[in-house]
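J.: Just the structure for this:
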Amino acid sequence: MAVCIGKLVVFSLLLMSSVIVSASAHGFARSLLPRELGLKKEKLSQLHFYFHDIVSGRNPTAVRVAEAKMTNSSATGFGAVVMIDDPLTEGPEMSSKEVGRAQGIYALASQNDVGLLMVQNYVFSEGKYNGSTLSVLGRNAVFSGVREMPIVGGSGLFRFARGYVRAKTHEFDLKTGDACVEYNVYVFHY
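T.: I've put the predicted structure just below:
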């Protein structure tokens, strides 16, 4: 009889622990394997396009939406915030095929040099990446020859994206402030 009661107690404890583990496994957080989300092998892709930041004319794609009291007297434009919906094209000409848009903001975030805080999504509209996005968050020292900014995520075919972008000014019009920037994007994704 003591053996039966012992077995019953052990069985009850095991049953209770599996109920507790089962309940906690589906609570706030749990571990997953990538295949459980339909993710296959991770790959590295390179994208190449041109970013057109148009601040002049009747249809600008970059518009200042905020500034500090000192912005206009600052040598670096410190405090200005610009909202963008810039075209991304295959070639450096504006007439080149549009492959997406860069949407987000950049802010002049340095008092010592022209350093932008870039917060943007590349929203792709062509080819197999149509409807997918990449999110970039980083510093852009615009007068440096080549700048790197991190990719912090994405959506669609770029879910779980990570990587970086390399930006190089192709053309900058001192008179209008318009710019064309060449982007090479290196991204790990599934």
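
J.: Leaving out the residues flanking it, which one is nearest to the most centrally placed residue in the chain?
T.: For the chain, the residue whose C-alpha lies nearest the mean C-alpha position (Cα atoms, centre = their mean) is residue 135; its distance is 1.1 Å. Counting by Cβ to Cβ, 6 or more residues apart in numbering, residue 153 is the residue found nearest to residue 135 once chain neighbours are left out, at 4.5 Å. C-betas here are computed from N, CA, C, even on glycine.

J.: measure the residue nearest to the centre of the chain to residue 28 for me?
T.: Per Cβ to Cβ, to the nearest Å, residue 135 is found 25 Å from residue 28.

J.: From what I see, the residue nearest to residue 135 and residue 136 are in contact.
T.: No: the pair residue 153 / residue 136 is not scored as a contact, 9.3 Å apart, by Cβ atoms under 8 Å.

J.: Provide the count of other residues in contact range of residue 58.
T.: 4 (other Cβ atoms under 10 Å).

J.: With residue 111 instead?
T.: 13.

J.: Identify the residues contacting the nearest residue to it once chain neighbours are set aside.
T.: Nearest-residue entry for residue 111: residue 78, 4.9 Å, with adjacent residues in sequence omitted and distances by Cβ to Cβ, 6+ apart. Listed by Cβ atoms under 8 Å, 6 or more residues apart in numbering, the contact set of residue 78 reads 68, 70, 71, 108, 109, 110, 111.

J.: so which of those residues would you say is closest to residue 157?
T.: Comparing those against residue 157 with Cβ to Cβ places residue 109 closest, at 31.0 Å.

J.: Now do the contacts for the closest one.
T.: Counting by Cβ under 8 Å, 6+ apart, residue 109 has contacts 78, 115, 116, 117, 139.

J.: can you give me the strands in this protein?
T.: 43-53, 62-66, 81-89, 98-108, 115-124, 133-141, 147-155, 162-172, 179-189 (DSSP state E).

J.: The residue nearest to the centre of the chain contacts residue 152, correct?
T.: Yes: contact criterion Cβ under 8 Å: residue 135 and residue 152 qualify, at 5.2 Å.
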